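Enquirer: have a look; sequence and predicted model below, questions after that.
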Amino acid sequence: MPVTGSVALRTASVTVLGALVAAGMSRAVRTARRSGVTDEEVARVLPGDDLVPGAQVVMDRGGSLPASAAMVWPWLVQLGKARGGWYLTRSVERLIPRRRRALRHIEAGWQQVAVGDRIPDYGPGDPEFEVSILEPPRTLAFTSARRTRRGQIQASWALVLEDLPGDRSRLQLRLRLAGLHRPGLMGVVGGWFDDLTCRAMLAGLRERLAD
């Protein structure tokens, strides 16, 4: 092959590879910020959007569930550490200690929730979420403030249910963050973790609703 042809081939290969990497990165960044939601859902205003004004990072997740909003609501209300837990599927829960597994039933003792209540969360330092909006069986929104070495991270987490035809419902989850030192990095790395945990929770919730 002539030298010019070889150079052209290498240049074309690098260009194609670069385009593939760029496309992959773009998709990865998009997944970090949103998954399971439509453009319309991402664009709409949700209850709780005003709890953290000027959020640096916003993450949207969503999924359909095989039960009405009224049936799903009690499962959402009891979420939390030392409460109903964080729902996972049986296949995943087999890998964790029994005491760390989430409930597979509605517990009456965890159904009495009011605005201002503090719900234990997972993570270092015994973090908590505060119930900020409670509109059964549609909206449950939390806020939290966590101190770091560089300041304080403000967060809101809204869970919004809507009924669908056929005794089904749609759950959208929106996390808003402010006070981040590196919002770009948090938006990607933290977004991947948020995507993973929300997907796992939705799968575990679907499994429980189907039991």
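Expert: Happy to help now that I have it. For clarity, every value in this text was computed on a predicted model and none was experimentally measured.
Enquirer: tell me how far stretch 161-168 is from the chain's mean position?
Expert: Centre-to-centre, stretch 161-168 and its host chain are 20 Å apart (CA atoms, centre = their mean, to the nearest Å).
Enquirer: show me where this protein has its strands.
Expert: 34-35, 57-65, 118-120, 128-135, 139-148, 151-164, 168-178 (DSSP state E).
Enquirer: out of these, which gets nearest to Arg94?
Expert: Closest approach to Arg94 among the strands of the chain (CB to CB): strand 57-65, 22.7 Å. The way it works is simple: take the backbone N, C-alpha and C, and place the C-beta from them, glycine included.
Enquirer: got the buried residues for the closest one?
Expert: Across strand 57-65, burial judged by 16 or more other CB atoms under 10 Å covers Val57, Val58, Met59, Asp60, Arg61, Gly62, Gly63, Leu65.
Enquirer: stretch 41-53 now?
Expert: Neighbour counts over stretch 41-53 (16+ other CB under 10 Å) mark Glu41, Leu46, Pro47, Gly48, Asp49, Leu51, Val52 as buried.
Enquirer: Arg34 pairs with what?
Expert: Beta bridges link Arg34 to Asp60, judged by DSSP bridges.
Enquirer: where do the helices sit along this protein?
Expert: Using DSSP state H, the helices of the chain run over 3-33, 39-43, 69-77, 90-93, 183-185, 191-210.
Enquirer: quick one: mean pLDDT over the fifth one.
Expert: When you say that, I think you mean helix 183-185. For helix 183-185, mean pLDDT rounds to 86.
Enquirer: same deal with the third one?
Expert: Helix 69-77 shows a mean pLDDT of 98 in the predicted model.
Enquirer: show me where pLDDT drops low in this structure?
Expert: For the chain, the stretches with pLDDT under 70 are 1-30.
Enquirer: residues making contact with stretch 88-107?
Expert: Stretch 88-107 has contacts (CB atoms under 8 Å, 6 or more residues apart in numbering) with 74-75, 78, 83-87, 200-201, 203-204, 207-208, 211.
Enquirer: how about 7 Å then?
Expert: With CB atoms under 7 Å, 6 or more residues apart in numbering as the test, stretch 88-107 has contacts from 74-75, 78, 84-87, 200, 203-204, 207-208, 211.
Enquirer: out of these, which one sits closest to Ala114?
Expert: Closest approach to Ala114 among the contacts of stretch 88-107 (CB to CB): Gln78, at 13.9 Å.
Enquirer: dump the strands of the chain to JSON lines, plus distance to Trp192.
Expert: Supplementary listing: the strands of the chain in JSON lines, determined by distance: least, CB to CB, whole Å:
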{"stretch": "strand 34-35", "distance to Trp192": "10"}
{"stretch": "strand 57-65", "distance to Trp192": "10"}
{"stretch": "strand 118-120", "distance to Trp192": "24"}
{"stretch": "strand 128-135", "distance to Trp192": "21"}
{"stretch": "strand 139-148", "distance to Trp192": "19"}
{"stretch": "strand 151-164", "distance to Trp192": "17"}
{"stretch": "strand 168-178", "distance to Trp192": "13"}
